[in-house]
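**Q** When you get a sec, could you give me coordinates for this:
(4 chains)
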There are 2 protein chains.
Amino acid sequence: MSEGVEWALHSCLNLSWLPIGQAVPAAKLAEFYSLPAAYLNKQLQALARAGIVSSTSGPRGGFQLARSPERITLLDVVVAIEGAEEAFRCDQLLKRGPGADPAADYRESCLVSQAMRRADLAWRGELAGQTLADLKARVERHYPATPGNTVNRFAALRA
Amino acid sequence: MSEGVEWALHSCLNLSWLPIGQAVPAAKLAEFYSLPAAYLNKQLQALARAGIVSSTSGPRGGFQLARSPERITLLDVVVAIEGAEEAFRCDQLLKRGPGADPAADYRESCLVSQAMRRADLAWRGELAGQTLADLKARVERHYPATPGNTVNRFAALRA
DNA sequence: GTTCAGATACTCGGATAGGGACTGTCCGAGTCCTATTGG
DNA sequence: CCAATAGGACTCGGACAGTCCCTATCCGAGTATCTGAAC
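**A** Numbering: from 1, shown residues only, chains lettered A, B, ... in the order given. This next block holds a predicted model:
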């Protein structure tokens, strides 16, 4: 899996702590973790295309969450970066085997495909069951100082 | 995910129908689905290294299941091909952030990592809960002619 | 008929190229702020 | 003093190379089998 997923998740989490209406440039988000700014910008563009964050150009511009953390699941973020196609893609091997039905859609009937798809659904279900708000609350519960520290750090970067 | 996983699963399934003690060369397994023989051979080598199949050199040699299908989970096959590392690997981004503890292992304490790991465990659990025997039985239930057809086809290829 | 040696053919196993995707970087289009100038 | 305007700086967005892993292929090491002859 692309490492951009990790960057996107942590960046969304940071954005969730900032006051709403405040946009943060990609350069600041990158400096926070010493990441390459241009490349993180690329990942944020993907999040913007997916409607997870909204982007604003010009001075005082940047990125901010496009909707409340309660309405952003971890699956949304992963899909925005990795794409919607499932990890195991059935090439319909059976269609190339003996006694194959050329008209059949083996992505549905092949039991190997079904078994892999079930695992994929379990993975997606686990990610879809956790919102960014859940994750945010969990962090605040374990590390109460994190929200304040994060806001202060970004304010310092802004100076 | 590597397409070799699909090839390996179907090949293991085919091997499960043949009488025990009978080895099948990689070339025959490849011809069954019109796959490149040398490359499928590479995947079968990975299965052999993982102890899922056993290999025999020389005439009448080839591959066969190393243990009963009841003791081979789908996860075993996937891990043999894809490797044991989980899809989401935590780069410990927090260690590069402000206020980081250099001695901490953020792969454990980072809650983002934990969330992703939970999804990974759900995926692995689903795959580990299905054995090759389960899959085999399911195929035999839906397509009763498959085992006999497969054996006959391999016998024809052997001619 | 039996046995043994040699040759043969077959199979796996690892070493060797080619291609696509992820990683990383750069510059241009658009936007907002600001300073200046004229009324 | 106020307003309009031109300039400038900042930010996103997409277009351009570098690198690693997956895909694909080939040839050599090892082994069981078969043939033939000798006993």
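**Q** When you work out contacts or count neighbours from here on, use the C-alpha atoms and nothing else.
**A** Noted.
**Q** OK, contacts around residue A:99?
**A** Residue A:99 sits next to no residue when contact means Cα atoms under 8 Å, 6 or more residues apart in numbering or on different chains.
**Q** Setting the sequence-adjacent residues aside, check what's closest to residue A:25.
**A** Leaving out its chain neighbours, the residue that sits closest to residue A:25 by Cα to Cα, 6 or more residues apart in numbering or on different chains is residue A:62, at 3.9 Å.
**Q** Skipping its backbone neighbours, what lies nearest residue A:61 in space?
**A** Excluding its sequence neighbours, the residue lying closest to residue A:61 (Cα to Cα, 6+ apart) is residue A:23, at 5.6 Å.
**Q** So the one you found is in contact with residue A:64, correct?
**A** Yes: between residue A:23 and residue A:64 there is a contact under Cα atoms under 8 Å: 5.0 Å.
**Q** how close does the residue nearest to residue A:61 get to residue B:145?
**A** With distances taken as Cα to Cα, to the nearest Å, residue A:23 is found 63 Å from residue B:145.
**Q** So for these two, which sits in the more crowded spot?
**A** More crowded of residue A:23 and residue B:145, by other Cα atoms under 10 Å in any protein chain shown: residue A:23, with 20 against 11.
**Q** and the more buried one, what are its phi and psi?
**A** Backbone geometry at residue A:23, expressed as degrees, to the nearest 10, gives phi -90, psi 140.
**Q** orientation of the longest helix along chain A relative to helix B:111-128 in degrees?
**A** Ranked by residue count under DSSP state H, the longest helix found in chain A is helix A:111-128. Interaxial angle of helix A:111-128 relative to helix B:111-128 (axes from the mean of the first three to the mean of the last three Cα atoms, to 10 degrees): 160 degrees.
**Q** Packing partners of helix A:111-128?
**A** Applying 3 or more Cα pairs under 8 Å, 6 or more residues apart in numbering or on different chains; DSSP states H and E, one finds that helix A:111-128 contacts helix A:74-82, helix A:106-109, helix B:4-17, helix B:111-128, helix B:132-142.
**Q** Output those helices in TSV; the columns should cover mean neighbour count and distance to residue A:35.
**A** As requested, the helices and strands packed on helix A:111-128 are exported to TSV (neighbours: other Cα atoms under 10 Å in any protein chain shown; distance: least, Cα to Cα, whole Å):
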stretch	mean neighbour count	distance to residue A:35
helix A:74-82	21	17
helix A:106-109	16	40
helix B:4-17	20	34
helix B:111-128	19	18
helix B:132-142	16	44
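**Q** Those: which one's closest to DNA strand C?
**A** With respect to DNA strand C, and counting by Cα to the nearest atom of the strand, the nearest of those is helix A:74-82 at 6.4 Å.
**Q** Rounded mean pLDDT for the closest one, please.
**A** Averaging pLDDT along helix A:74-82 yields 97.
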